[in-house]
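Asker: what follows is a predicted protein model with its sequence.
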Amino acid sequence: MLTIEELKKLGCDTDEGLARCVNQEDFYLRLVNNAINCEDFNILKEALENKDLDAAFETAHKLKGALGNLSLTPLYDKAVEITELLRNRTNTDYSELLEELLKLKEEYKALCDE
Amino acid sequence: MENREIINIDMNILFENGKLSPAIEWISEQIPGGFFIYKADGNMELLYANKAMIRIFGCSNLEEFKELTGYTFPGLVHPEDFRKIQDSIDEQIAKDENDNFDYVEYRIIRKDGKIRWVDDYGHFANLPGYGNVYYVFIGDITQQHNAREEIRRRGNVYSSMLEQFNAFAKDSLAVMRNNLTSDVIEDVKGSDLFDTDYPGGSVAASIQARIDSFPNDLDKKRYEEAFRREKLIERFYNAEGPVTFIGYSIRQSGRSCFVKYQRNITIDPLNGDIIAFGTESECDNEKVSEILNDKVLVKQYDMVTYIASDQYNVVIGDAKRIKRGSIFPKKPNGNYADYINNQVIPAASRSAHNIRELTESLSLEKIGKELEENESYTVDVTCEIDGEIFNKRFTYYLLDPDAKYYILLKSDVTDVLREQRKQNELLSEALQEAEHANAAKTSFLSNMSHEIRTPMNAIIGLDSIALKDPNLSSQTRDYLEKIGESARHLLSLINDILDMTRIESGRMALRKEEFSFGTMLEQINTMIQAQCRDKGLNYECRVIGKVDDWYFGDDMKLKQILINILSNAIKFTNAPGSILFTVEKVAEFDRQSTLRFVISDTGIGMDKDFLPKLFNPFTQEDSSRSSKYGSTGLGMAITKNIVEVMNGTISVESEKGVGSTFTVNITLKNANKTGDEQQDFDVKNISALVVDDDVIALEHAKTILEEVGISADTCKSGAEALSTIEIHHAKKTPYNLVLIDWKMPDQDGVEVTRQIRNNYSDETTIIILTAYNWDDVMEEAINAGVDSFMAKPLFAANVLDEFERVMKRKNIIIGQKKQETELNGKHILLAEDVEINAEIIKLLLETKKISVDVAENGEIALNKFRSSQENYYDAILMDVRMPVMDGLEAAQKIRTLGRNDSKSIPIIALTANVFDEDVQRSLQAGMNAHLSKPVEPEMLYKTISELISENKK
């Protein structure tokens, strides 16, 4: 079950995130749900597999923005790491970072799905 | 009488048968005198004329005589005389009833036209057959007549001289009638006679007395030559007229003066003696006027004339004696206007005169008008004569106000004006030199202060940086502290000298600001207390009675005065002495308060003799003191001058070995503020930027600011500063304090200030930092928008004071919110491709009752804006990174749409990138502000609100 408490446990700065959503818990949780279930994670994965760094950057950047807006801090930090590498189109093996990101995402997804 | 005997006979016997009897005729023809007979009636036809008659009339025969005279009695007589003698003859005949004789004299005109006088003895008779006739004997008496006339004339001269003689007697030293023939003084009168002067005295003796009265031998000789008896008699016979001599004489009374001696010589008509009428009168005035006329006037004026009835008459002036270019009149008299028009104007017209104006100035009409009001009237005329320039001065005086007669004096002022011009040139050269010298002095002092201050910056800066090192040995720390102390002392001396030059050049300006009197005292006391404690002195500050908390004036200068005197007191007081500082309001009038500050110490005191010199620059009672007490000797001079600039007074009492007491009275305007209203001034709210091309100075400034708790960014050039300020402005974190070095390469501080002001108006306090004397650029700098100046290097103690003062003056309350607009009902276009972000922002805006349209990319945003009504959207929030068309392009396109609102609508960039380059890029694309994601709701509202509000304006 996706709750503020659970998100806090995962290390999210929910106070900040809620504040940004003018303390509307429902609205905030809905957006978190949307973010976790959005296609961008898959698009990013695909782009990286295809070595389409431009598309990957676009998507990582978008993800970073959304995650940051919701203060999903652990996910956001990881997204930032990937985005900054992609910003310079660093040609490296992103699979480990991507795996970490997706693994983290699964934790949230588990909450959503409960 | 004998003639009468002859004609006293009966004339009837003369005629026989209507003709002169032959015997009578023969006799008649023989006598030398003229004889004729004429009818008393009718045309007075002649009956007979003898040969002598024909001779008297210069004719050679009877025919000529008849032709000349018409052979009638009126034909004989000069026409002017006839009527007169006829009346006389009738009268005499009527009177002399017994003898019927008459006697007349009249003129005749001879044939050669000469006029002769004749006498005429006539006898009236009635001859039978002839009727009434006259027998007449005439003789030529021209010679006798002339002799008689001469005697009468002499008589007239004599009597007129006599009259003069008597008239002169009143005002003269002496008048005398001297009979030269008999050498006797006949009459003498006067106010200052010699012993020799008495009636009956000798003329020769009196002449000798005069000769003796001349102190000058030349006068003696000349007088004797001219006035001796024989000489005067000779003059008379030569008809040489009166003789005059002026000599400097010592009279009998002892009086000395110029005396005018005059002798009029004539003949006594009674006895034929030669008489000299003598007058002697004082003539100092005459003599001096004569010299004035002849010498002084001639020297000063090349012409003196009078002008009467349009005519001029030269009185003094000799064309031959006058230098070239005198425009002397060609004739000694003539028409004034002709002279001006024919001689003066043509000469003047060759130089650059306004002829019409000059002609008018020299016109009689103008002269008359001017002299109605002024005693004299002067016209300067510049003439060119033979290629040389002459300056002529025409001066007019009134001679007769009613008749409009004037005196004209013409003088040559060419040399005078040349001399004057030369003098002026010399003067202006001297002035220029003095100005140069003064400017050189000021610039020397300015430059020197800069030259010294610049390395001082480095010394003080590096010293303070070095002192931050925690690993210093205590000895090194001690050395560094002493270096800093000495450097600061040296700097204070330079400041003193600059103060003095400011005072001397009158450039000391006073602030007129409200200040907290309490705060000022507190600052003074903190500083003085510490110094006294260090030296082991007792310090006390007492406020007597009620003194207001706020006043209006220059607290910096007042503080300088008091600290100067207090520091002086500390300097000259040895432990365990004490210093007492009292403050008292002694008067209040018309919202002005006079405050008295008294500073007394128990120091070494001063000699009474020295007290008057105390306030002179560079004086100390004992010159050896300066080394002991270390100062320039300018302190007291500056103090006194500042007191005077503030319209205050300063006085001192002192006794050697007992102490000194300084009293300062200053009048300040009362402030409107009362009580402790001092605004909070929290350094934590200050964000500062320091701009300086000198890295050490930059580092030092940052250190000083951090010391007082202000965080500061630094820039090394104006350009860098401008872009940093731009970014901070866009990020809505503007600096509220910018410190800029004045002298920097490329752009100086004033120029940077001007650009900051152009771009951001007044949101920042700008202070120029300089090691230079800023008096010269102050005005320009203030016009450019500089708020204040601070001398480099900065000192922590001054910094906060100055910031607080300037910010207060600018009425900037740190952390104050800008004007904001109510957001309710505004329309905002949001371009954001990430749905979650868009939703969050939308929610945030909607909670403020803002209606939001979301565009998923730049292109959609552009189209939405394009199809909206003008001014429908109040602002656009633009994500930068978006698919299809990014925010930068969208913003650029919106700005170039050409709609009324396309240039002005606020566009706020939203981006996760917070690098300065990103901010700059969005600004270049035409956006107004830059918010970093994730957005802070308060920051979002504030930014939107401010920008809308600004746009509305």
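Answerer: Okay, I see it. Everything numeric in this text was worked out from a predicted model, so none of it was measured.
Asker: OK, contacts around the residue lying closest to residue B:868 once chain neighbours are set aside?
Answerer: In space, and not counting its chain neighbours, residue B:868 is closest to residue B:829: 7.7 Å by CB to CB, 6 or more residues apart in numbering or on different chains. C-beta here means a position set from N, CA and C on the backbone, and glycine is covered the same way. Neighbouring residues of residue B:829 by CB atoms under 8 Å, 6 or more residues apart in numbering or on different chains: B:852, B:853, B:855, B:861, B:864, B:865, B:868, B:873, B:875, B:876, B:877.
Asker: quick one: contacts for residue B:241?
Answerer: residue B:235.
Asker: next, find the distance separating residue B:400 from residue B:407.
Answerer: Using CB to CB, to the nearest Å, we find residue B:400 at a distance of 10 Å from residue B:407.
Asker: more neighbours, these two?
Answerer: Between residue B:400 and residue B:407, residue B:407 has the larger neighbour count (other CB atoms under 10 Å in any protein chain shown), namely 16 against 11.
Asker: in a helix, that's where the more buried one is, yeah?
Answerer: No: counting by DSSP: H, G, I helix; E, B strand; the rest coil, residue B:407 is located in no helix; its state is strand.
Asker: identify the bridge partners of it.
Answerer: Residue B:407 has these beta-bridge partners by DSSP bridges: residue B:306, residue B:397.
Asker: could you do residue B:875 as well?
Answerer: When bridges are called by DSSP bridges, residue B:875 pairs up with residue B:828.
Asker: identify the residues contacting it.
Answerer: Applying CB under 8 Å, 6+ apart, the residues contacting residue B:875 are B:826, B:828, B:829, B:905, B:906, B:907, B:908, B:944, B:947, B:948.
Asker: what would these look like in JSON lines with pLDDT?
Answerer: Output for those, formatted as JSON lines (pLDDT from 0 to 100):
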{"residue": "B:826", "pLDDT": "87"}
{"residue": "B:828", "pLDDT": "91"}
{"residue": "B:829", "pLDDT": "93"}
{"residue": "B:905", "pLDDT": "90"}
{"residue": "B:906", "pLDDT": "91"}
{"residue": "B:907", "pLDDT": "92"}
{"residue": "B:908", "pLDDT": "91"}
{"residue": "B:944", "pLDDT": "87"}
{"residue": "B:947", "pLDDT": "84"}
{"residue": "B:948", "pLDDT": "84"}
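Asker: list only buried entries from these.
Answerer: Neighbour counting over the contacts of residue B:875 (16 or more other CB atoms under 10 Å in any protein chain shown) leaves B:826, B:828, B:829, B:905, B:906, B:907, B:908, B:944, B:947, B:948 as the buried ones.
Asker: just give me the closest of the residues you listed to residue A:18.
Answerer: For these, the closest approach to residue A:18 (CB to CB) belongs to residue B:944, at 21.4 Å.
Asker: what's the closest non-adjacent residue to that closest one?
Answerer: Closest to residue B:944 by CB to CB, 6+ apart is residue B:875, at 5.5 Å.
Asker: what does chain B put close to chain A?
Answerer: Contact residues (CB under 8 Å from any CB of the partner chain) of chain B with chain A: B:833-837, B:839-840, B:843-844, B:847, B:881, B:883, B:912, B:933-937.
Asker: now for the closest residue in space to residue B:255 that isn't next to it in sequence, how many residues are close by?
Answerer: With sequence-adjacent residues excluded and distances taken as CB to CB, 6+ apart, residue B:255 is closest to residue B:192, at 6.4 Å. Neighbour count for residue B:192, taken as other CB under 10 Å: 18.
Asker: and residue B:192, that's in a helix?
Answerer: No: looking at residue B:192 with three-state DSSP, it is coil, so not inside a helix.
Asker: that one and residue B:170, how far apart?
Answerer: Distance from residue B:192 to residue B:170, by CB to CB: 13 Å.
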